[in-house]
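Engineer: structure, please.
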Amino acid sequence: MSYHLVTNSSKGLDMTPKQLVSDIEGLFSLPEIFLKINALIEDPRASADDFTALISQDADLTARLLRTVNSSFYGLKAPIDTISRAITIIGTNDLRNLAVMTAACDLFSGIPADLMKMDDFWYSSVACGTLAQSFGKRCCVLHPERLLVMGVLHDIGRLVLVQQLPELTKEVLMITQGRNELLIDAERDVMGCDHAEVGALLAESWGLPVSICNAIRYHHAPMESSKYLTETAVVHVSQALAYGMQSGEDIEFVLTEIDQTALSFLRLNHDDCREIYEAIASEVEEVYAVLVGYGSSSQAN
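Structural biologist: Numbers count the residues shown, from 1 in each chain. Below is the predicted model of the structure:
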């Protein structure tokens, strides 16, 4: 489906979502460290020493790598303090996932607090990723760690729209009044497109896997997806619960916002959702600390 994006007057042009993303590719491109990690993973000649030498050049990624491997997810008895050992434990694919998630967390800055509270945004995104990984394990999804990435990045298009179209974003916020279920329709009415489409196009421009791009594109309407339906449905369920977790919304109301067809497709029910929702809070806190790199969101306390 093609939408016509009417931009604010400060840009002076009307453009499609694809043109918008193309316009900001340089501004929101992934850092060189991610591209080099990707190249090493694709290079059959690359050695463990190559990865260690590369990661050691980036102090921030090194710190997050060590925090990740020493977190409760790996349950190691002794702390890991070397890059080489950390990479051996988490593997190169998880290293790439960590790099893209931390890069995304660092890319967007200078967004006014009246348009987006970034602590809340990233807490909800991390909660979505953590929930998605847990649901993925429950649903026996192959390599459920992929779902963590999908969840963390699912709303990335919102940051593009907020940063590039602040005046139109204000209109959307006035319409929705914090109600997540109204967001997509309000964006389409005001902007002519929605954050899911823009986010998927940005992920495509980064060269991320089709499964991630697809989950971002259809996370509000999973049953419209023609591929990767399980992963997309998991992200949909997780984003609804994550929003409730961040906003303090009553769980029973949040459950009504989930596409029940998607829930049935996953062979899950409301009790499953309640169980994972209640069990995941401390894990969300830990992932948030690793990825975002500073204190807990106020919503989490």
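Engineer: okay, CA-based contacts and neighbour counts for the rest of this
Structural biologist: Noted.
Engineer: in what helix or strand does the residue lying closest to residue 116 once chain neighbours are set aside lie?
Structural biologist: What sits nearest to residue 116 in space, not counting adjacent residues and going by CA to CA, 6 or more residues apart in numbering, is residue 162, at 7.6 Å. Element membership for residue 162 (DSSP states H and E) is helix 156-164.
Engineer: what comes into contact with that helix?
Structural biologist: Residues from elsewhere that reach helix 156-164 (CA atoms under 8 Å, 6 or more residues apart in numbering): 108, 111, 115-116, 169, 194-200, 202.
Engineer: what secondary structure does residue 109 sit in?
Structural biologist: Using DSSP: H, G, I helix; E, B strand; the rest coil, the structure places residue 109 in coil.
Engineer: pLDDT score for it?
Structural biologist: At residue 109, the model reports a pLDDT of 71.
Engineer: list the helices and strands the helix or strand harbouring residue 243 packs on?
Structural biologist: Assigned by DSSP H and E, residue 243 belongs to helix 229-247. Judged by 3 or more CA pairs under 8 Å, 6 or more residues apart in numbering; DSSP states H and E, the packing partners of helix 229-247 are helix 118-138, helix 145-153, helix 210-217, helix 251-256, helix 260-265.
Engineer: residues near the residue lying closest to residue 84 once chain neighbours are set aside, how many?
Structural biologist: Computed as CA to CA, 6+ apart, the closest residue to residue 84 that is not its neighbour in sequence is residue 52, at 5.4 Å. By other CA atoms under 10 Å, 18 other residues sit near residue 52.
Engineer: isn't residue 52 up against residue 86?
Structural biologist: No: using CA atoms under 8 Å, residue 52 is not in contact with residue 86; the gap is 9.4 Å.
Engineer: picking that back up, so which of the helices and strands packed on helix 229-247 gets nearest residue 39?
Structural biologist: helix 210-217 (17.9 Å; CA to CA).
Engineer: any idea of the mean pLDDT in that closest one?
Structural biologist: Per-residue scores along helix 210-217 average to 95.
Engineer: list the buried ones in that helix?
Structural biologist: Using 16 or more other CA atoms under 10 Å as the test for burial, helix 210-217 gives 211, 212, 213, 214, 215, 216, 217.
Engineer: closest one of those to residue 259?
Structural biologist: residue 215 (14.7 Å).
Engineer: was I right to think that closest one contacts residue 235?
Structural biologist: Yes: contact criterion CA under 8 Å: residue 215 and residue 235 qualify, at 6.7 Å.
Engineer: overlap in contacts of these two?
Structural biologist: Shared contacts of residue 215 and residue 235 (CA under 8 Å, 6+ apart): 150, 154.
Engineer: so which helix or strand takes in the residue sitting furthest away from the middle of the chain?
Structural biologist: Residue distances from the centre of the chain (CA atoms, centre = their mean) peak at residue 45, which lies 31.2 Å from the mean C-alpha position. Using DSSP H and E, residue 45 maps to neither a helix nor a strand.
Engineer: any idea how far residue 240 is from it?
Structural biologist: Distance, residue 45 to residue 240, using CA to CA, to the nearest Å: 43 Å.
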